[in-house]
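Enquirer: Structure for this input, please:
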Amino acid sequence: MGGRPGRDHAGADRLVVALALSAGPLVSLGLARFAYALLLPEMASDLGWSWSQAGALNTANAAGYLLGALAAAPLARRLGTGRAFLLGALVTTLALLLTSLTGGYAVLLLARTAAGVGGAWAFVLGAALVAAAGAGGEPGRAALMLGLYYGGAGGGMTLAGLLVPWVLDRTSGSWQLGWVVLTVLGAVATVVAGLALRHTVEPDPPAAAEHQGWDRRRIGWLSAGYTFFGLGYIAYLTFVIAFLQEQGIGLRTVAVFWVVVGAAASAGWFVWGRLIGRLGGTPAMSVLMVVLAVGTALPVLVTEPWAFFVSGLVVGGTFLSVVTAMTVGVREALPAALWTSGLAFATVAFGVGQTVGPWLTGWFSDVVGSLGAGLVLSAALLVAGAVLALPGVRQAPSPGGGPDT
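Expert: Numbering: from 1, shown residues only. Got it, this is the predicted structure:
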């Protein structure tokens, strides 16, 4: 019993570090990617965009994210994982600032692409840092750390939902000031992440030859399912506000809906954490994707305000837990030296899906003549991904807390 308080104190410190590093998904996802949906209507109206032009900016962000994921492991080898993570948060924050300074479409495309590149570095490498910090401890504690980390995206969504509509309401729709607010939030989060790096464990990045030669088939089914997750989830978060407005939902209610989605995303781990720990990464990911599909289709099947908010709770409370389950699955399947490479590989697969997803859903909606049909397609893609991931084989963690080698 004499040693337990020290272990508990160390565990608490690790949780604080994971919470501080959650600045990575807060900036890269909560602010740079998802908050765009709140500012898009004002930008499109002020700048005279078509909906295809507005959608192309989201495609640019997703494409940049894909490029950043491809470069994450090499950058970590060159700079160190911690420095590369911090660089990603800084690049993303500067891209938010650039977005607030111009109405030029070409420059905005560049800014959104840069936000995607930096966001991938911050997101992937931050996850690697948290995974390393949790190594050697209880599996449940390590999974909790990852849940806290990914919950940062929901925190960013909640902050954006609270502040951006408030700024738009009081500045006659000044989308530039909305981006300034996001920049300030990103800068604060980056400073917090930088301070947390003093207390992190730097994972050993794989050698270039090891990174190139490892067997991708060990996470092949998981990554294939994760591709379909990218296809399905991003379409909901891109089009759901437009769908709600089609149903006559006002802007204030939309803002509340967005806060509900963000708050649910932050708290989702407490609902699904035990399931992930009990089932393992890949099986839990499949279950969560089916739940996510139900939430995605619900507002189309039941066009009542209560169903919209239930949908927001389900989707918000589930989509980040899919990412947590994926990360646990990678940890279970690969040795610690390959966690960064494995996360980067799975994220590239995911990036392909989320790059295609908004365009595919929008195209299908145009063909059918219904945005709701696009959401139903997204739900179907999520179910297909859940089935596709099932052949993935879980490998039990070694006694030291890491996956078997």
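Enquirer: longest helix of this structure?
Expert: helix 139-170 (DSSP state H).
Enquirer: in it, what counts as buried?
Expert: 139, 142-161, 163-165, 167-168 (16 or more other C-beta atoms under 10 Å). Yep, even glycine has a C-beta here, placed from its N, CA and C like the rest.
Enquirer: pLDDT score for Phe229?
Expert: Per-residue confidence at Phe229 stands at 93 (pLDDT).
Enquirer: Cross-check the contact I'm expecting between it and Phe350.
Expert: Yes. Between Phe229 and Phe350 there is a contact under C-beta atoms under 8 Å: 6.5 Å.
Enquirer: Neighbour count: the two, which is higher?
Expert: Neighbour totals were compared for Phe229 and Phe350, and Phe229 leads with 30 against 27 (other C-beta atoms under 10 Å).
Enquirer: Pull the number of nearby residues for Leu19.
Expert: There are 18 residues near Leu19, going by other C-beta under 10 Å.
Enquirer: what's the helix or strand for it?
Expert: helix 4-21 (DSSP states H and E).
Enquirer: cool, and Thr99?
Expert: Going by DSSP H and E, Thr99 is in helix 81-101.
Enquirer: Which residues are in contact with Gly232?
Expert: By C-beta atoms under 8 Å, 6 or more residues apart in numbering, the contact set of Gly232 is 289, 292-293, 296, 353, 357, 378-379, 381-382, 385.
Enquirer: how far away is it from Phe85?
Expert: Using C-beta to C-beta, to the nearest Å, one gets 28 Å for the distance from Gly232 to Phe85.
Enquirer: Mean pLDDT per helix and strand in this structure: which one sits at the bottom?
Expert: Ranking every helix and strand in the chain by mean pLDDT, DSSP states H and E puts helix 208-213 at the bottom, with a mean of 53.
Enquirer: Would you mind listing the buried residues in whichever helix or strand comes after that one?
Expert: Proceeding N to C from helix 208-213, the next assigned helix or strand is helix 220-246, under DSSP H and E. If you call a residue buried by 16+ other C-beta under 10 Å, then helix 220-246 has these buried ones: 220-244.
Enquirer: picking up where we left off before, using ChimeraX, define a selection of the buried residues within the contacts of Gly232.
Expert: Filtering these down to the buried ones (16+ other C-beta under 10 Å) takes a single ChimeraX command:
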select :289,292,293,296,353,357,378,379,381,382,385
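Enquirer: Dump stretch 49-63 to CSV, keeping only the CA atoms.
Expert: Below are the C-alpha coordinates for stretch 49-63, written out as CSV (Å, rounded to 0.1, in the frame of the first residue of the first chain):
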residue,chain,number,x,y,z
TRP,A,49,-19.7,31.9,-53.6
SER,A,50,-21.6,29.0,-55.1
TRP,A,51,-22.1,26.0,-52.9
SER,A,52,-19.5,24.1,-54.9
GLN,A,53,-16.9,26.8,-54.2
ALA,A,54,-17.8,26.7,-50.5
GLY,A,55,-17.5,22.9,-50.5
ALA,A,56,-14.1,23.1,-52.3
LEU,A,57,-12.6,24.8,-49.3
ASN,A,58,-13.6,21.8,-47.1
THR,A,59,-12.1,19.5,-49.8
ALA,A,60,-8.9,21.6,-49.6
ASN,A,61,-8.7,21.2,-45.9
ALA,A,62,-9.2,17.4,-46.2
ALA,A,63,-6.6,17.1,-48.9
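Enquirer: buried residues in that stretch?
Expert: 49, 54-63.
Enquirer: Dump these into JSON lines; add distance to Val181 as well.
Expert: Output for those, formatted as JSON lines (distance: C-beta to C-beta, whole Å):
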{"residue": "Trp49", "distance to Val181": "21"}
{"residue": "Ala54", "distance to Val181": "20"}
{"residue": "Gly55", "distance to Val181": "23"}
{"residue": "Ala56", "distance to Val181": "24"}
{"residue": "Leu57", "distance to Val181": "18"}
{"residue": "Asn58", "distance to Val181": "20"}
{"residue": "Thr59", "distance to Val181": "24"}
{"residue": "Ala60", "distance to Val181": "22"}
{"residue": "Asn61", "distance to Val181": "18"}
{"residue": "Ala62", "distance to Val181": "23"}
{"residue": "Ala63", "distance to Val181": "26"}
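Enquirer: Can I get those residues in a markdown table including secondary structure and distance to Thr324?
Expert: Formatted as a markdown table, these follow (DSSP: H, G, I helix; E, B strand; the rest coil; distance: C-beta to C-beta, whole Å):
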| residue | secondary structure | distance to Thr324 |
| --- | --- | --- |
| Trp49 | coil | 35 |
| Ala54 | helix | 31 |
| Gly55 | helix | 28 |
| Ala56 | helix | 30 |
| Leu57 | helix | 28 |
| Asn58 | helix | 24 |
| Thr59 | helix | 26 |
| Ala60 | helix | 27 |
| Asn61 | helix | 22 |
| Ala62 | helix | 21 |
| Ala63 | helix | 25 |
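Enquirer: Can you list the low-confidence ranges for this structure?
Expert: 1-12, 51, 134-140, 143, 201, 203-216, 392-405 (pLDDT under 70).
Enquirer: cutoff 50 now
Expert: Scanning the chain for pLDDT under 50 picks out 1-9, 209, 393-405.
Enquirer: any chance you could map the helices in the stretch 301-405 of the chain?
Expert: For the stretch 301-405 of the chain, helices defined by DSSP state H, counting those that start in this stretch occupy the ranges 305-333, 339-368, 371-389.
Enquirer: Pipe the ones you listed into TSV and attach distance to Glu202 per row.
Expert: Output for the helices of the stretch 301-405 of the chain, formatted as TSV (distance: least, C-beta to C-beta, whole Å):
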stretch	distance to Glu202
helix 305-333	17
helix 339-368	11
helix 371-389	31
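Enquirer: ranking the ones you listed by burial, who's on top?
Expert: Highest mean neighbour count of those: helix 305-333, a mean of 25 (counted as mean count of other C-beta atoms under 10 Å).
Enquirer: other SSEs contacting that helix?
Expert: Applying 3 or more C-beta pairs under 8 Å, 6 or more residues apart in numbering; DSSP states H and E, one finds that helix 305-333 contacts helix 105-134, helix 139-170, helix 220-246, helix 251-279, helix 281-301, helix 339-368.
Enquirer: change it to 10 Å
Expert: Helix 305-333 sits against helix 105-134, helix 139-170, helix 220-246, helix 251-279, helix 281-301, helix 339-368, helix 371-389, with contacts defined as 3 or more C-beta pairs under 10 Å, 6 or more residues apart in numbering; DSSP states H and E.
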